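[1] Next come a sequence and a model predicted from it.
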Protein chains: 2
Amino acid sequence: MPTSLTDIARRLELSPSTVSKALNGYRDVSSDTREMVLRAALELDYQPSSAARDLRRGRTDRIGLFLNTTLEYVVDYLSGIIPGAVRCSQECGKRLLIYTLTDNDPGQLLQVCRAGEIDGVILFSTHYDSHTIEALLEDDFPFVVMGRYIPDERVSCVVPDYYDGTRQIMDHLLAVGHRRIAFMTRPELTTANEARLQGYLDALAAAEIARDDRLIVETRLEPDSGVAPTRQLLALTPHPTAIVAAHDLVAVDVINTLQAAGLCVPQDVAVTGFDGLRAGFRTLPHISTVQQPLERIGERVVELVNRRLNEPAAPAVQETLPVQLVLRGSA
Amino acid sequence: MPTSLTDIARRLELSPSTVSKALNGYRDVSSDTREMVLRAALELDYQPSSAARDLRRGRTDRIGLFLNTTLEYVVDYLSGIIPGAVRCSQECGKRLLIYTLTDNDPGQLLQVCRAGEIDGVILFSTHYDSHTIEALLEDDFPFVVMGRYIPDERVSCVVPDYYDGTRQIMDHLLAVGHRRIAFMTRPELTTANEARLQGYLDALAAAEIARDDRLIVETRLEPDSGVAPTRQLLALTPHPTAIVAAHDLVAVDVINTLQAAGLCVPQDVAVTGFDGLRAGFRTLPHISTVQQPLERIGERVVELVNRRLNEPAAPAVQETLPVQLVLRGSA
DNA sequence: GCAGGTAGCGAAATCGTTTTCGGAAGTGCC
DNA sequence: GGCACTTCCGAAAACGATTTCGCTACCTGC
């Protein structure tokens, strides 16, 4: 049994109320007793029971983030997000908790929220369905969506500028002379994928290059899933001189496949990624990519949840954060 | 305000006790009222307040895992562990929570444990000091150490067989004819690193190959930290024909550096990793490695915490799990 | 000396559950 | 009818903190 408030009270022959007030900085307690209490608390390694505290105060000062670990991409992305999110929640006096979902059952998320385990929740793009969002709205439970734009003015979200990022990549590739540029997209029809594709198409149009559908291929995010599409592109004659991958992890596959085929990156084929994950440093050359402001996204997302907690009436915010092209060698 | 037990009670004109008993499967409630209660609970989206419940029951059915995300390795390793850990905790009726530590302050871990936020905790090798362990023992708080052997019969731990893994790698390399085998180790003096080094040295001795200290180099786990040691090894004449890296992530750097120098893997230099992380699939050829039973480690670690929760008097267990050499092309 | 103020403390209610205990009503048996 | 059981339900006490409110001293100023 850990020591409780009452333990301290008994030991010092004080009432629990006084001890509580001493620990919580109330002014109606003399500095003498305050010191006594603080010393005793330290000696006994006192830590208030979070259950009791949460129950009485009606909040937990915890923010949840739900994680599905089946995708390597998610883990990698999250590890970029977390430092910023943790720092910001620390500053807000909250703690950030990561919940692990079994087989991505969104019901668990609602359970945790309704049970009052957390005050607010961050929704990662792949981890919810529209029913979850509806339920959260109905419960008036604070949440923010990360990485996907939700066309509903009641929900806050933070997304990187997918369109502009792709334009930046394309403009760079076009500027250095590429004309046959392949584009790898993902099968899911999300606003993110659409924005990227649109960036690609608009850039081509602006450069007055005709769209060639054989240069647009699909790829998934599992390990090795970038290999086959790359081979498919290499089979074209002439093959593209640049490949714009949907993600850094895909770009890794692309580079490996090209090098295995005896081609040099970027001399023979330039390759670009997207996101700016750490995986981009695990190839030689390193991957030229669009760096998402990962830490900043983490910060903003927590900040928005926190604002919502402080002023429940505040309107939802939909933020697009600027991204930046970083050239690291592969293009 | 979410609906509470009392809400249901009022609506059905029952007492809170009866409602609680109906929901918790007590036998002294008629099947009629039980059904009424269950239906009402469903209609109102009732979810018991976890704070109230935890407070009253004196436990939370939650297990904590503390995470420090500064190291890519940790994230990668953890994502291998988690599926098993989550599944097992699910089966035990517990929930697995991941806590994010700011700047790796072990005091936070003790706070969370003492506050009763979780019933037990899993310590990842890099996230504690001996003081934390002492404090947990003193508090009699259930915990299990993962990935590092602790020479103390009061603490349970689960570790892969580092020594045997390295022997397996070495035996394979020796069997295919390698004689100049380099070894990359990490600067920290942990039992894991020592066991690996010993495996390397014993294998050499068994093959009657003299130890050459120039072939033993140190490397860290940050991105690119495998590059310099590899160049250092390539500067030797003759250079080693095989490189045994301390980790898959290091092996990635090694392979890239070798290929960038125009060498073929594994024809010119064979490379092996350790751990069996997903990163091993992101090179071509894929990395031959020692596969840790990651899922199994996750399972066992949760299982041990759970056993400790169910029978507090049970003795601590120190488990070494078998590892397996998997040849994927790089050696 | 007295009204009004302040400083310091404790009593008690409260948060939403769980769980023990006892009581009321009904049943079966002799 | 009386006795022992069973069945079903509610009252009430916890769990450990926070917070409101009121009470006692003591002080201050006139």
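    Alright, I've got the coordinates.

[2] Where does pLDDT dip in the stretch 1-150 of chain A?
    Applying pLDDT under 70 to the stretch 1-150 of chain A flags residues A:69-72, A:103-104, A:125-128.

[3] make it 80
    By pLDDT under 80, the low-scoring segments of the stretch 1-150 of chain A are A:1, A:67-75, A:101-106, A:125-128.

[4] tell me which parts of it are close to DNA strand C?
    Within reach of DNA strand C by Cβ under 7 Å from any atom of the strand, the stretch 1-150 of chain A has these residues: A:13-18, A:27-33, A:52, A:55-56, A:58. Glycine gets a C-beta too; all of them are placed from N, C-alpha and C.

[5] Buried residues in the helix or strand where residue A:73 lies, which are they?
    Residue A:73 is located in helix A:72-91, with elements delineated by DSSP states H and E. Buried residues in helix A:72-91, counting neighbours by 16 or more other Cβ atoms under 10 Å in any protein chain shown, are found at A:72-90.

[6] do the following helix or strand past that helix and chain B meet?
    Where DSSP H and E defines the elements, the next helix or strand beyond helix A:72-91 is strand A:95-100. Yes - using Cβ under 8 Å from any Cβ of the partner chain, strand A:95-100 reaches chain B at A:95-100.

[7] And the residue of the stretch 151-300 of chain A closest to DNA strand D?
    Residue nearest to DNA strand D within the stretch 151-300 of chain A: residue A:156 (27.0 Å; Cβ to the nearest atom of the strand).

[8] Identify the residues contacting that residue.
    Contact partners of residue A:156, counting by Cβ atoms under 8 Å, 6 or more residues apart in numbering or on different chains, are A:143-145, A:304, A:308, A:316-319.

[9] Make a ChimeraX selection of the buried ones in the residues you listed.
    Command for ChimeraX, covering only those of those found buried under the criterion 16+ other Cβ under 10 Å:
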select /A:143,144,145,304,308,316,317,318,319
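
[10] ok, so of the contacts of residue A:156, who is nearest DNA strand D?
    The closest of the contacts of residue A:156, once distances to DNA strand D are taken by Cβ to the nearest atom of the strand, is residue A:308, at 19.9 Å.

[11] Chain neighbours aside, what residue packs nearest to the closest one?
    In space, and not counting its chain neighbours, residue A:308 is closest to residue A:142: 4.2 Å by Cβ to Cβ, 6 or more residues apart in numbering or on different chains.

[12] burial count for the one you found?
    Per other Cβ atoms under 10 Å in any protein chain shown, the neighbour tally for residue A:142 reads 22.

[13] just the helices in the stretch 51-200 of chain A please.
    When assigned using DSSP state H, counting those that start in this stretch, the helices of the stretch 51-200 of chain A occupy the ranges A:72-91, A:106-114, A:130-139, A:162-175, A:191-206.

[14] circling back to that earlier point, take the contacts of residue A:156 and write them to TSV, including distance to residue A:131.
    Shown next, in TSV, are the contacts of residue A:156 (distance: Cβ to Cβ, whole Å):
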residue	distance to residue A:131
A:143	14
A:144	18
A:145	14
A:304	22
A:308	21
A:316	19
A:317	23
A:318	21
A:319	24
